[in-house]
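1. please find the sequence and the predicted model below.
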Amino acid sequence: MRSALAEDWIDELIVVDHDNPENISSTLRAFEADRRDVRVVRADPSLSLAAAGNVGAAEARGRWLLFLNADVVLQRGAVARLAAAGGGAQQPWIVGGRLLDLEGRERQAARTGALNTFSAIAVAVEWPARPLRKGDDAAKVGAVSGALMLIPRGDFNELNGFDEQFDTDYADLDLCRRAALAGGSVLFQPDASGVQFEYAQARKSRKVQGLTRFAVKSAETPIEKAFARVAGPALATLLALKDLIAGRPPARR
């Protein structure tokens with residue numbers, strides 16, 4: 001939170017308190033009490049992560065919305081670079097930034113190429129996308145991570161926000177796809193970055209739910225629609241095989 005408030009381009013910080021233990025909620029309320037530019041809003045624990053994101057967006061008053069995961073610490077100047085990348089872009093536009101782990105290794109925060117139903121398979125098996133390195137110009141991509149994402153508030157509202165039927169972060173894939181379908185731009189700015197301290201993998205059942213919904217929503221051609229009908233069990237099998245090959249025990253539901 002302090003890394004966000006250190007950014008000159010951030011005027012307010014909306015913290016969504018979603019299914020946190022009481023000690024965390026108490027810490028957030030204490031932080032809010034000390035700052036005039038911080039507001040903590042409660043989101044019912046029964047809501048999906050996508051719905052919680054919409055709750056925070058509805059409270060924001062600024063021109064742009066920066067979605068930032070709780071485990072991401074911004075590097076200085078990231079927001080200004082994201083906003084500059086969006087300047088002049090075809091609306092609705094979305095710009096995402098780089099994500100690094102604690103050892104400086106890059107985590108996949110963008111998917112190159114257009115999104116379609118079969119992108120769910122690439123995400124499920126963590127198929128690597130073409131790397132986009134720091135120092136490159138902002139590049140047009142298929143999707144960026146909702147862990148570090150900037151979008152004009154008006155564009156977000158025009159797209160009706162995140163689809164709340166997604167239980168997991170795959171709502172960001174869907175939002176990027178809808179922005180592209182609306183004639184907009186999805187950009188990745190490698191010079192805007194954040195350090196992701198704790199990358200929590202979603203449970204397999206939640207991954208399957210989100211990716212299946214994405215596959216169904218994005219199906220257009222007959223072959224895509226045929227895959228969408230069996231996407232749930234197919235993706236569950238792929239994820240189980242990936243765990244088996246990696247030598248991990250079966251994921252708990």
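-> Noted; the coordinates are in hand. Nothing here was measured: the structure is a model prediction, and the numbers come from that model.
2. contact partners for residue 76?
-> For residue 76, the residues meeting the contact criterion (CB atoms under 8 Å, 6 or more residues apart in numbering) are 6-7. From N, CA and C alone the C-beta is placed, and that goes for glycine too.
3. try 6 Å this time
-> For residue 76, the contact set (CB atoms under 6 Å, 6 or more residues apart in numbering) is empty.
4. helix, strand, or coil at it?
-> What DSSP: H, G, I helix; E, B strand; the rest coil gives for residue 76 is coil.
5. give me the pLDDT value at it.
-> As predicted, residue 76 sits at a pLDDT of 93.
6. so where's the stretch 101-250 of the chain shaky on pLDDT?
-> Where the stretch 101-250 of the chain drops to pLDDT under 70, the residues are 128-136, 199-202, 243-244, 246-250.
7. what segments of it are helices?
-> 119-124, 153-158, 171-181, 204-218, 222-229, 231-246 (DSSP state H, counting those that start in this stretch).
8. same for the second one, what does it pack against?
-> Taking 3 or more CB pairs under 6 Å, 6 or more residues apart in numbering; DSSP states H and E as contact, there are no helices or strands that helix 153-158 lies on.
9. may I have that helix exported as CSV, CA atoms only?
-> The C-alpha trace of helix 153-158 is given here as CSV (Å, rounded to 0.1, in the frame of the first residue of the first chain):
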residue,chain,number,x,y,z
ARG,A,153,-12.6,4.3,-15.5
GLY,A,154,-14.9,5.2,-18.4
ASP,A,155,-13.6,2.3,-20.5
PHE,A,156,-14.0,-0.1,-17.6
ASN,A,157,-17.6,0.9,-17.1
GLU,A,158,-18.3,0.7,-20.9
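10. show me how far it is from its chain's centre.
-> Relative to its chain's centre, helix 153-158 lies at 16 Å (CA atoms, centre = their mean, to the nearest Å).
11. buried residues of that helix, list them for me.
-> Neighbour counts over helix 153-158 (16 or more other CB atoms under 10 Å) mark 155-156 as buried.
12. which residues touch that helix?
-> So helix 153-158 is in contact with 57, 65, 91-92, going by CB under 6 Å, 6+ apart.
13. re the thing from before, columns distance to residue 87 on top of the helices of the stretch 101-250 of the chain, output as CSV?
-> As requested, the helices of the stretch 101-250 of the chain are arranged in CSV below (distance: least, CB to CB, whole Å):
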stretch, distance to residue 87
helix 119-124, 28
helix 153-158, 13
helix 171-181, 16
helix 204-218, 29
helix 222-229, 35
helix 231-246, 38
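14. helices - which of the contacts of helix 153-158 land there?
-> When the contacts of helix 153-158 are checked against helices (DSSP state H), the matches are residue 57.
15. of all the contacts of helix 153-158, which two lie farthest apart?
-> Taking CB to CB as the measure, the contacts of helix 153-158 span a maximum distance of 16.9 Å, between 57 and 91.
16. with neighbour numbers in mind, choose between these two.
-> For residue 57 versus residue 91, neighbours defined as other CB atoms under 10 Å are more numerous around residue 57 (18 against 15).
17. residues touching the closest residue to that one other than its chain neighbours, list them.
-> Among residues not flanking residue 57 along the chain, residue 65 sits closest, at 5.5 Å (CB to CB, 6 or more residues apart in numbering). Applying CB under 6 Å, 6+ apart, one finds that residue 65 lies in contact with 57, 151, 153, 156.
18. about what we covered before: how about the helices of the stretch 101-250 of the chain, which one is nearest residue 187?
-> Closest of these to residue 187 is helix 171-181, at 10.1 Å (criterion: CB to CB).
19. can you check what angle separates that closest one from helix 204-218?
-> Angle of helix 171-181 versus helix 204-218, following axes from the mean of the first three to the mean of the last three CA atoms, to 10 degrees, is 10 degrees.
20. output the contacting helices and strands for helix 171-181.
-> When contacts are defined as 3+ CB pairs under 6 Å, 6+ apart, helix 171-181 sits against strand 185-196.
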